[in-house]
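Chemist: need a structure here:
(6 chains)
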There are 4 protein chains.
Amino acid sequence: MTIKCRKRDAERTKQQLLNAASEIFIDQGFDAARVDEIAKRAGVNKRLIYLYFGNKEVIYREVLKERLNHFMDSSRQYMDTDQPPKKQAEGLLRHFFYYLAGNPGFVRLLAWESLQRARADQSDLVPLIRAGLVDLSGCLQRGIEQGVFRPDLNPKQLLLSVVGLCLTYFQRRLLMSALWNMDVEDPQQQEEAFRHVLTLIFDGILAKPTGQPEESR
Amino acid sequence: MTIKCRKRDAERTKQQLLNAASEIFIDQGFDAARVDEIAKRAGVNKRLIYLYFGNKEVIYREVLKERLNHFMDSSRQYMDTDQPPKKQAEGLLRHFFYYLAGNPGFVRLLAWESLQRARADQSDLVPLIRAGLVDLSGCLQRGIEQGVFRPDLNPKQLLLSVVGLCLTYFQRRLLMSALWNMDVEDPQQQEEAFRHVLTLIFDGILAKPTGQPEESR
Amino acid sequence: MTIKCRKRDAERTKQQLLNAASEIFIDQGFDAARVDEIAKRAGVNKRLIYLYFGNKEVIYREVLKERLNHFMDSSRQYMDTDQPPKKQAEGLLRHFFYYLAGNPGFVRLLAWESLQRARADQSDLVPLIRAGLVDLSGCLQRGIEQGVFRPDLNPKQLLLSVVGLCLTYFQRRLLMSALWNMDVEDPQQQEEAFRHVLTLIFDGILAKPTGQPEESR
Amino acid sequence: MTIKCRKRDAERTKQQLLNAASEIFIDQGFDAARVDEIAKRAGVNKRLIYLYFGNKEVIYREVLKERLNHFMDSSRQYMDTDQPPKKQAEGLLRHFFYYLAGNPGFVRLLAWESLQRARADQSDLVPLIRAGLVDLSGCLQRGIEQGVFRPDLNPKQLLLSVVGLCLTYFQRRLLMSALWNMDVEDPQQQEEAFRHVLTLIFDGILAKPTGQPEESR
DNA sequence: GATGAATGAGAATTCATTCAT
DNA sequence: GATGAATGAATTCTCATTCAT
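Modeler: Below is the predicted model:
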């Protein structure tokens, strides 16, 4: 009975389609993705895609929105306001870094999407992205204002760089493994990478306690 | 004579095809690119693509190789070996940053390609990428070995981060302009961005001369 | 009681379906009509079309029959047997002309149907059409027999011509409005058109009291 | 050689497609016509329809234009200006009537098209139709102005009626044969029908030399 | 009596590629 | 060396119809 009930559950079917579409869009991108394959993987009739979503483009955007919402939800209220800025930033960055580590599909989806110039207005996505970064953005900005972070840094630039540094680690997995046989999936290497990013961000690459003249660095 | 002419024409036609293909692959990616459109933009008969290259895949890889070679050529011998490591690195990074600024198509092409898991082995591309980064890679490594750069940094990680930081600035142009109305094309903003990247890399974000206790940072 | 209610509801639903189908078939023809649209316009579930009628074809024929019956009903007993043939014919034609004027959908439906060669046998429709024209047909025939109408006229031809003349006025509305900006809906123009048809039928187009030699006409 | 040449003749292929499309659109109308069937009947690959025309709609309109042009061409310069109006009109009507008789597809095509309200602007067709009727239109109008035809007739109405009378005979073939088993193809019956139409137009249906009082007619 | 969910067959349209010259 | 014509296999999308409740 329950099974039969489930078998006719539109919501569930829709979700199955979204899940299947998600996998395929992440894997192959919008253009190479095949509607037939999505339906097949979802185990439902192709027609339902058009019934529930309208067309390929719409289900694609729906996938995008779902993933962005998930990111946004997971990014909310992770900031410990009792901590000093550096600790705060560190926490937020850790959360962000490990969110990407745990959601490689999200990284790919963002990458595909950011390449599609033509695909009309992303106006509806921009607020979601912004919302997902609002805490980190605020934290960095406050750090600068309070003089904890260098006052000569442009907050926007900084946010971009920090986000980019994290993304880079997961976005270039192919390149990485091709060049150096690194394994992005390995937890230990992940933690090492995260520490590296933190070090870079907070301390730069120059050796700290150095008596050498600046010029010779 | 006629043969030479023909040969020259053939070369010219081939180059026209490569140029047209380049633009279109950069713009739309491999999957959305249309063979017809390439031929049309090149102003030559579609059949010639198959005559000269074989198929869509081959001309795509040809474009990729051409662009990578161009990058590699431009990256060679830019290192001033008389300079201390930091200056060297700065010079190489400047060169790299501005190469990306001047070749946005190259950035996109890399991004498309790195998303295409499925596309066979990239074995023939890896050496080219590596070659383009060899100087920078060596410079960073030497800096670490010589103790100018922090000895606790993983050289591979570092290279990736540094490259990623530069790429990030050009790869997320859409996001950037969407979020903050920044203009990536503006030379002044480019230089500012480059300085920002340099600062981040060499000095990190923490305010330098600080009497505050570490914990409160 | 409940049963009656249900029965009434069923009847009502069926009629709603017929009405919706009627509008849509009239507007778009059988092939372009969409079952979904019919159900939607009727405000009932699509399934009921199949429950009540069986399939698209059946509901189409049902619509056709309903419209033909309506025409037939309205055509019956309109003949004033006390009048002489010409008056009779005039009355019947007026009735016919204004029926068409008041039921433009009927005209379209006939036109669509007459174009559908393939659509099975129309055997069930023919009697209805015949019945609707039986009075006019008889009247014309009697007029010929009685010598009031020209004896050299073929009665069947004549019926066809007379019917065609009336239909023409409503069937070519698009052409008419395109060519001359005539407004078929305007009552005054309708009456004028009807008078024109009558004149043509009874008197032809040649000027009556004419001293000119036949040849020069 | 010639055969091979022909096999690669784009013009010929296009014409074959037009011919096939013509037959099928005439037979089944736009909505029921199948692109596959057109290609199959033309004996060429379906793709060529899209290559040469763009889509189904375009090839449909192309067919329409071709047929209208043919009609227009055949209608030109058929008027014998030396004849008096009645003879002129008779000649033109004969030509028109027999054109329809010889081109039943044209009649059907007009009928299908005039039912398609939705199918955008027919603006490009209107001039062709008008051109095809310009001689008849002018002749009737002159006849009225010269007093040969009744001065109380509206020229536009008249043109419509006259055209409608001819069309009627061929447009209702199904109805005709259903009702009376007439054979529209039979040349003798055609000539009889034409004479009937002429009589109706020029003399009306009332018996001419009649002593009966008008009222009893 | 009524309905939302689901489907298979088939529709138009597109694409990379090859043929014939 | 170059080209216009042609194609088969897919691809997105649609439609009348049935299932399960």
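
Chemist: sketch out the low-pLDDT regions of chain A for me.
Modeler: A:1-8, A:117-123, A:173-175, A:177-179, A:208-217 (pLDDT under 70).

Chemist: at which residues are the helices of it located?
Modeler: Taking DSSP state H, the helices of chain A run over residues A:2-7, A:10-32, A:35-42, A:46-52, A:56-75, A:85-102, A:104-115, A:126-145, A:155-171, A:173-180, A:187-203.

Chemist: which of these sits most buried?
Modeler: helix A:155-171 (a mean of 22; mean count of other CB atoms under 10 Å in any protein chain shown). Placement of C-beta: from N, CA and C, glycine included.

Chemist: and that one, what does it pack onto?
Modeler: On a contact count with 3 or more CB pairs under 8 Å, 6 or more residues apart in numbering or on different chains; DSSP states H and E, helix A:155-171 meets helix A:85-102, helix A:104-115, helix A:126-145, helix A:187-203, helix B:155-171, helix B:187-203.

Chemist: go again using 6 Å as the cut-off
Modeler: helix A:85-102, helix A:104-115, helix A:126-145, helix B:155-171 (3 or more CB pairs under 6 Å, 6 or more residues apart in numbering or on different chains; DSSP states H and E).

Chemist: so which of the ones you listed is nearest DNA strand F?
Modeler: helix A:104-115 (14.8 Å; CB to the nearest atom of the strand).

Chemist: check whether the closest one contacts DNA strand F.
Modeler: No. Applying CB under 7 Å from any atom of the strand, one finds helix A:104-115 separated from DNA strand F by no less than 14.8 Å.

Chemist: does A:Leu17 really touch A:Ala42, like I thought?
Modeler: Yes. A:Leu17 is within contact range of A:Ala42, at 4.6 Å (criterion: CB atoms under 6 Å).

Chemist: dump the helices of chain A into CSV; add distance to C:Gln83 as well.
Modeler: As requested, the helices of chain A are exported to CSV (distance: least, CB to CB, whole Å):
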stretch, distance to C:Gln83
helix A:2-7, 71
helix A:10-32, 66
helix A:35-42, 69
helix A:46-52, 61
helix A:56-75, 67
helix A:85-102, 92
helix A:104-115, 81
helix A:126-145, 79
helix A:155-171, 93
helix A:173-180, 95
helix A:187-203, 102
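
Chemist: now A:Arg142: closest residue in space, sequence neighbours ignored.
Modeler: Excluding the flanking residues, the one nearest A:Arg142 by CB to CB, 6 or more residues apart in numbering or on different chains is A:Pro85, at 6.0 Å.

Chemist: could you pull up the residues touching the one you found?
Modeler: Contact analysis of A:Pro85 by CB atoms under 6 Å, 6 or more residues apart in numbering or on different chains lists A:Arg142, A:Gly143, A:Val148.

Chemist: can you lay out those as TSV showing distance to A:Phe30?
Modeler: What follows is the contacts of A:Pro85, written out as TSV (distance: CB to CB, whole Å):
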residue	distance to A:Phe30
A:Arg142	38
A:Gly143	38
A:Val148	42
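
Chemist: returning to what we had before: so which of the helices of chain A is nearest DNA strand E?
Modeler: Among the helices of chain A, helix A:10-32 sits nearest to DNA strand E (CB to the nearest atom of the strand), with 2.6 Å.

Chemist: can you add distance to D:Phe170 and give the helices and strands packed on helix A:155-171 back as CSV?
Modeler: Formatted as CSV, the helices and strands packed on helix A:155-171 follow (distance: least, CB to CB, whole Å):
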stretch, distance to D:Phe170
helix A:85-102, 74
helix A:104-115, 60
helix A:126-145, 63
helix B:155-171, 69
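
Chemist: what's in contact with stretch A:155-171?
Modeler: A:96-97, A:100, A:107, A:111, A:137, A:140-141, A:144, A:193, A:197, B:161, B:164-165, B:168, B:180, B:196, B:200.

Chemist: for stretch A:38-54, that is, sorry about that
Modeler: Against stretch A:38-54 from outside (CB under 6 Å, 6+ apart): A:Thr13, A:Lys14, A:Gln16, A:Leu17, A:Ala20, A:Ala21, A:Ile24, A:Ile59.

Chemist: near DNA strand E at all, it?
Modeler: Yes. Against DNA strand E, stretch A:38-54 shows contacts by CB under 7 Å from any atom of the strand at A:Val44, A:Asn45, A:Lys46, A:Arg47, A:Leu48, A:Leu51.

Chemist: wait, which of the helices and strands packed on helix A:155-171 is closest to D:Arg130?
Modeler: helix A:104-115 (53.6 Å; CB to CB).

Chemist: now the angle from the closest one to helix B:104-115?
Modeler: Relative orientation of helix A:104-115 versus helix B:104-115 (axes from the mean of the first three to the mean of the last three CA atoms, to 10 degrees): 150 degrees.

Chemist: taking chain A, what residue is nearest to chain D?
Modeler: Using CB to the nearest CB, A:Asn55 is the residue of chain A that sits closest to chain D, at 18.0 Å.

Chemist: quick one: that residue and DNA strand E, what's the gap?
Modeler: 13 Å (CB to the nearest atom of the strand, to the nearest Å).

Chemist: equivalent analysis for A:Ala207, please.
Modeler: From A:Ala207 to DNA strand E the distance is 53 Å (CB to the nearest atom of the strand).

Chemist: the nearest residue to that residue once chain neighbours are set aside - how many residues pack around it?
Modeler: Counting by CB to CB, 6+ apart, the nearest residue to A:Ala207 once its immediate chain neighbours are dropped is B:Arg150, at 5.2 Å. B:Arg150: 17 surrounding residues under other CB atoms under 10 Å in any protein chain shown.

Chemist: what does chain A put close to DNA strand E?
Modeler: Checking chain A against DNA strand E by CB under 7 Å from any atom of the strand, the hits are A:Lys7, A:Arg8, A:Asp9, A:Ala10, A:Arg12, A:Thr13, A:Val44, A:Asn45, A:Lys46, A:Arg47, A:Leu48, A:Leu51.

Chemist: let's go with 6 Å and repeat that
Modeler: Contact residues, chain A versus DNA strand E (CB under 6 Å from any atom of the strand): A:Arg8, A:Ala10, A:Thr13, A:Val44, A:Asn45, A:Arg47, A:Leu48, A:Leu51.

Chemist: skipping adjacent residues, who's closest to the second one in space?
Modeler: For A:Ala10, ignoring the flanking residues on the chain, the nearest one in space by CB to CB, 6+ apart is A:Tyr52 at 7.5 Å.

Chemist: how close does the one you found get to DNA strand F?
Modeler: From A:Tyr52 to DNA strand F the distance is 11 Å (CB to the nearest atom of the strand).

Chemist: what does A:Gly54 give?
Modeler: 7 Å.

Chemist: can you get me a residue count around that residue?
Modeler: 11.

Chemist: related to what we said a few turns ago, now for the residues of chain A next to DNA strand E: which two are most distant?
Modeler: Top of the distance list for the residues of chain A next to DNA strand E (CB to CB): A:Arg8 and A:Arg47, 15.2 Å.
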